[in-house]
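Trainee: Below are the sequence and a predicted model for it; my questions follow.
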Amino acid sequence: MARKAYAISLFLIVGSLSLSTVADAWARSQVFPIAEAAPALAPFQHVRFCLRYPADCKSDPAESPVIELNAETSELMNHINHSVNAAIMPVFKKAAIELQDGWTIAPTTGDCNDYAVTKRHELLQSGLPAKALRLAVVKTSSGIGHLVLVVATTKGDLVLDNLTEVIRPWQSTDYHWLKIQSASDARYWYDIKLPVVALSHFDREFRLAGR
């Protein structure tokens with residue numbers, strides 16, 4: 001009865017909202033890792049980046065794919081996220097300029113790509129495993145392409161972002177997630193499998209409520 005009442009109350013709350021919209025909101029409150037789907041083309045600039053910085057595109061199969069999230073690693077991530085955000089002056093790169101300059105570690109000025117690769121580089125230099133540090137391509141709520149760094153931890157995948165000082169769980173962002181760097185080989189990328197657990201959950205609850 002409690003489950004049925006819960007589902008009915010959702011109908012009353014969401015009104016005209018679609019099932020997928022409600023499911024998406026529910027998914028943002030859950031903790032689950034980013035799931036890889038089909039292999040995807042690596043961003044062209046990441047291919048160039050790996051030629052320029054080969055050490056940042058190596059993977060060690062023996063490494064752990066997650067880091068232990070504790071006071072020490074939390075402080076490290078917060079420090080690097082803040083220091084890199086403060087050290088690079090933000091600029092908007094036009095396509096032609098970006099093709100010429102590429103993604104750069106620790107430039108004086110740069111865009112989201114430079115922030116993300118610099119943070120990954122700094123965390124690598126601090127001893128964190130490459131397999132747990134993955135670049136990801138997203139779209140903002142306004143439809144703008146954006147690059148962030150995702151750190152896989154024992155308490156979920158966390159996002160280091162130049163648009164905010166707050167390190168957030170990936171599902172708590174308002175981004176549309178497109179593709180992510182492979183954990184097993186830093187040179188390869190995968191499409192991101194969007195969570196279906198939320199949709200299945202609400203569909204099941206609504207069907208139960210309709211009985």
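Mentor: Arrived safely, thanks for sending.
Trainee: When you work out contacts or count neighbours from here on, use the C-alpha atoms and nothing else.
Mentor: Fine.
Trainee: what helix or strand is residue 119 on?
Mentor: helix 112-125 (DSSP states H and E).
Trainee: Could you check the angle the next helix or strand along the chain from that helix makes with helix 112-125?
Mentor: Sequence-wise, the next helix or strand downstream of helix 112-125 (DSSP H and E) is strand 133-139. In terms of direction (axes from the mean of the first three to the mean of the last three C-alpha atoms, to 10 degrees), strand 133-139 departs from helix 112-125 by 160 degrees.
Trainee: what about the strands in the chain?
Mentor: For the chain, the strands defined by DSSP state E cover 35-40, 89-90, 109-110, 133-139, 145-153, 156-160, 168-169, 176-181, 189-193.
Trainee: For the third one, enumerate the helices and strands it packs against.
Mentor: If I follow you right, that is strand 109-110. strand 89-90 (3 or more C-alpha pairs under 8 Å, 6 or more residues apart in numbering; DSSP states H and E).
Trainee: Note down every partner strand of the strand it packs on and its orientation.
Mentor: Applying DSSP bridges to the sheet, strand 89-90 is found paired with strand 109-110 (parallel).
Trainee: roughly how far is the strand it pairs with from the heart of the chain?
Mentor: Taking C-alpha atoms, centre = their mean, to the nearest Å, one finds the center of strand 109-110 at 21 Å from the center of the full chain.
Trainee: In the chain, where is pLDDT below threshold?
Mentor: 1-31, 94-100, 195-211 (pLDDT under 70).
Trainee: Find the centremost residue of it, please.
Mentor: For the chain, the residue nearest the mean C-alpha position is residue 150 (4.5 Å; C-alpha atoms, centre = their mean).
Trainee: For the residue nearest to it when sequence neighbours are not counted, list the residues it contacts.
Mentor: With sequence-adjacent residues excluded and distances taken as C-alpha to C-alpha, 6 or more residues apart in numbering, residue 150 is closest to residue 159, at 4.7 Å. By C-alpha atoms under 8 Å, 6 or more residues apart in numbering, residue 159 lies in contact with 148-151, 167-170.
Trainee: Against residue 108, how distant is residue 159?
Mentor: To residue 108, residue 159 is 22 Å away according to C-alpha to C-alpha, to the nearest Å.
Trainee: same check, this time on residue 47
Mentor: 22 Å.
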